[in-house]
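Asks: Next input, structure requested:
(one chain, ligands or ions: 1)
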Amino acid sequence: MPLFINRNQIFAHQVHLLEHKLRSKEDRILELETENALLHLRLAECMGKLRRELEEDAQAKRQLQQQRNLQRTSHTALTKLMTQVQELRRELKEVRALYTDFSSEMENRSKQVLESVDCLCCASQTLRGNEVETLQAQVAALERTLQEEQEKCRTEKMRRRLLHNALIELRGNIRVHCRVRPVLPLDGGQGTSSVSGSPWSQEVVQAISDDTVLVNCAKAGSPIMNKMFEFERVHAPEDSQDAVFEEVKPLLTSLLDGYNVCIMAYGQTGSGKTHTMIGSQDSSGPEQENMQGIIPKAAAELFRLISEQPEGTHTVEVSVVEVYNNEVLDLLAKDEEGAAVGMKRDVITTSTGTSEVPCLTHELVQSPADVLCLLSAVLRLRAQSPTLIHTDSSRSHLIVTLTVTSRSPNALALARRLQRVRQDTQRVSHREWWSPRCQRAASSRRPAEDHTLSPASKRRPAGDRAYSPTSSPCLSPCHSPCPSPRSSISQTPLRTKLQLVDLAGSECVGVSGVTGAALWESSCINRSLSALSDVLGALAEQRPHVPYRNSKLTHLLQDSIGGDAKLLVMLCVSPAQRFLSDSLQTLGFGSRARQVQRQTPNRKNAALKMK
Ligand SMILES: Nc1ncnc2c1ncn2[C@@H]1O[C@H](COP(=O)(O)OP(=O)(O)OP(=O)(O)O)[C@@H](O)[C@H]1O
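Replies: Predicted coordinates:
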């Protein structure tokens, strides 16, 4: 073994030892770090657990608080309930007490009543026969008084109506009635078969009294906005055909007093014009009579009135025309084989200024049944076609005219008076017209044939575009009374016309969904109705020029609208929301018609003098 230990070796040994120590320290550090990391992990886990536990704790506390709140509110509610139960018990006790009192009182009273009934029975048994008779007489007298009072009331009502009618006549012989029909499946829109369930069929037009219609114009969801319209008579949906006719009937007596009468139904498509004027055709038997409209009922009433006149003094002729696509068709005309065909006719203005349809077929009728027979034959010819609104939509205006010729002594005298009045009026206006100044103006402006024209037609303003120079003194010897010398008027019968008009309905083509030929029909209908509206507007504003000739319809009805006929416009309206704007338009038309102030006719004065 060497004695000397190399220092280097010692150092190396020490270094080795130190390195060993270092390594073991490093291992220890590594171990400690690993431990530290594990401890961190465990700490994090513990922290998470602790946080969760804290949250659960907080939630449990919240739930506890909620439960406590719930307990508190339920306790309060329970207390209230208990108080209410106590109050109810108290009230029940009071009611029971009241009931007991009441029942005992009732018992007492019924006992008293029974006693008094017993007494009365005894008394009645003891009543002498003549006392009973006195009582019976008193009852009879009371009943009589009641009947008298009822009669007085009826007379008073009638007097009021007559006064009302007189007032209307003073206002110008135009009266406007309105009929609101019931809500029908067609109001609900296409494909709807029931009246309920569709917002369109909501009732917005209502007859609120005998003479007032109320319209709720508000849109869905917005506040109520009402408009009121007043007419001479307003019929509610439940009013029957008879009730409607009763209000029209008094007009017919005027026919025999020398007035022309015109009854015209106006309204949008499907509003009930045909139902009102002609009636329902699909029912049979006695029911059919109730469903008859104004035309058949008016014919029956006319013949009834005639039956009260001296026998054989009155004749009635019927003519029926249709205004279809602004053409006048004679529905009673027959072809060579005798088949009914709608034959085209013209409308002209006669020398007396009245409108006339030359060559129009007039059928002599002897009874209302004859009129019905003719009517049902011509209705087959009338243009009809289905639209989205109405399956039997009339595509034309129908004008049924009953001309009454009266030869009774009274009528002949009245006719003489009328002729004289007319001749005098014409002479005066002729003198006014044919003044030297006018002569000069006329000779410079008009061709030679003009002096065949009547003063009435000469006075027509130049703006009236259909001015006809072809007028002759008498175009239709049978149906246009013309001015004649005084010697020839002595036997002229009295002729009056009853015109019954079922107008075609106005329609919005977007809603009715018409195309092709029906679209053209629609535009013709709307144009003629707006011409009618223009005529009324011009008359209401008393404009010098009234555009009768803008349409065949207004030209045909010229005498009835602007002349001295008694005119009744029957406005037909649907009550439903779907047709609100159409209904407003119809009611506006009626209001305009009411504003027309016509001159009191000369024939009225003559008729009054006759009486
Ligand atoms: N007051 C009413 N009561 C019961 N039903 C009615 C009434 N008015 C109309 N109707 C019914 O409503 C429908 C349409 O009526 P109507 O044919 O008279 O309409 P309109 O006005 O003549 O239509 P259009 O102008 O299109 O010919 C018909 O089925 C008719 O029976």
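
Asks: interface residues of the stretch 51-200 of the chain facing the ligand?
Replies: 181, 182, 184 (CB under 6 Å from any ligand atom). In this view, the C-beta of every residue, glycine as well, is placed from N, C-alpha and C.

Asks: actually the chain, sorry about that
Replies: Near the ligand, when you scan the chain using CB under 6 Å from any ligand atom, you find 181-182, 184, 267, 269-275, 280, 390, 392-394, 504-505, 572.

Asks: out of those, which are inside helices?
Replies: If you go by DSSP state H, the residues of the chain next to the ligand have 273, 274, 275 in helices.

Asks: picking that back up, pick out the lowest-pLDDT one from the residues of the stretch 51-200 of the chain next to the ligand.
Replies: Among those, residue 184 carries the weakest pLDDT, at 87.

Asks: Tell me how far that one lies from residue 271.
Replies: Distance from residue 184 to residue 271, counting by CB to CB, to the nearest Å: 10 Å.

Asks: And for residue 50?
Replies: 84 Å.

Asks: low-confidence ranges in the stretch 251-400 of the chain?
Replies: Where the stretch 251-400 of the chain drops to pLDDT under 70, the residues are 281-289, 383-392.

Asks: ok, which stretches of the stretch 251-400 of the chain are strands?
Replies: 261-266, 314-324, 327-330, 343-345, 348-349, 355-356, 363-365, 384-385, 393-394, 397-406 (DSSP state E, counting those that start in this stretch).

Asks: what's the single longest helix in the protein?
Replies: Max-length helix for the chain by DSSP H is helix 7-126.

Asks: on that earlier part again, in ChimeraX, select just the buried ones from the ones in helices among the residues of the chain next to the ligand.
Replies: Per 16 or more other CB atoms under 10 Å, the buried members of those correspond to this ChimeraX selection:
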select :273,274,275
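
Asks: I'd like the ones in helices among the residues of the chain next to the ligand as TSV, with distance to residue 61 appended.
Replies: Conversion of those to TSV gives the following (distance: CB to CB, whole Å):
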residue	distance to residue 61
273	81
274	82
275	79
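
Asks: ok, of the residues of the chain next to the ligand, which come out buried?
Replies: 181, 184, 267, 269-275, 390, 393-394, 504-505, 572.

Asks: and those residues, which two are the farthest apart?
Replies: Using CB to CB, the two most remote members of those are 184 and 504, lying 18.9 Å apart.

Asks: so what's the backbone phi/psi at residue 228?
Replies: Backbone torsions of residue 228, given as degrees, to the nearest 10, read phi -120, psi 140.

Asks: correct me, but it touches residue 217?
Replies: No: checked against CB atoms under 8 Å, the pair residue 228 and residue 217 is beyond contact range at 11.0 Å.

Asks: Next up, the contacts around the residue in the stretch 151-300 of the chain that the ligand sits nearest to.
Replies: Per CB to the nearest ligand atom, residue 272 is where the stretch 151-300 of the chain lies closest to the ligand, at 2.7 Å. Residues near residue 272 by CB atoms under 8 Å, 6 or more residues apart in numbering: 179, 181, 572, 574.

Asks: Strands - which of those residues land there?
Replies: Judged by DSSP state E, the contacts of residue 272 include 179, 572 as members of strands.

Asks: higher neighbour count, residue 228 and residue 217?
Replies: Taking neighbours as other CB atoms under 10 Å, residue 228 and residue 217 compare with residue 217 leading, 15 against 11.

Asks: contacting residues around the more buried one?
Replies: By CB under 8 Å, 6+ apart, the neighbours of residue 217 are 204, 225, 226, 227, 580, 584.

Asks: ok, for the residue in the stretch 501-611 of the chain that the ligand sits nearest to, nearest residue in space, not its chain neighbours?
Replies: Minimum separation of the stretch 501-611 of the chain from the ligand (CB to the nearest ligand atom) falls at residue 505, amounting to 2.6 Å. Spatially, and ignoring its direct neighbours in sequence, residue 505 is nearest to residue 269 (3.2 Å; CB to CB, 6 or more residues apart in numbering).

Asks: is it true that that neighbour touches residue 503?
Replies: No: Residue 269 lies out of contact with residue 503 (CB under 8 Å); the separation is 10.4 Å.

Asks: ok so, going back, please enumerate the shared neighbours of residue 184 and residue 271.
Replies: Between them, residue 184 and residue 271 share the contacting residues residue 574, judged by CB under 8 Å, 6+ apart.

Asks: Now do the residue nearest to residue 540 when sequence neighbours are not counted against residue 332, distance only.
Replies: Distance criterion CB to CB, 6+ apart; nearest residue to residue 540, sequence neighbours excluded, is residue 595 at 4.0 Å. Distance from residue 595 to residue 332, counting by CB to CB: 36 Å.
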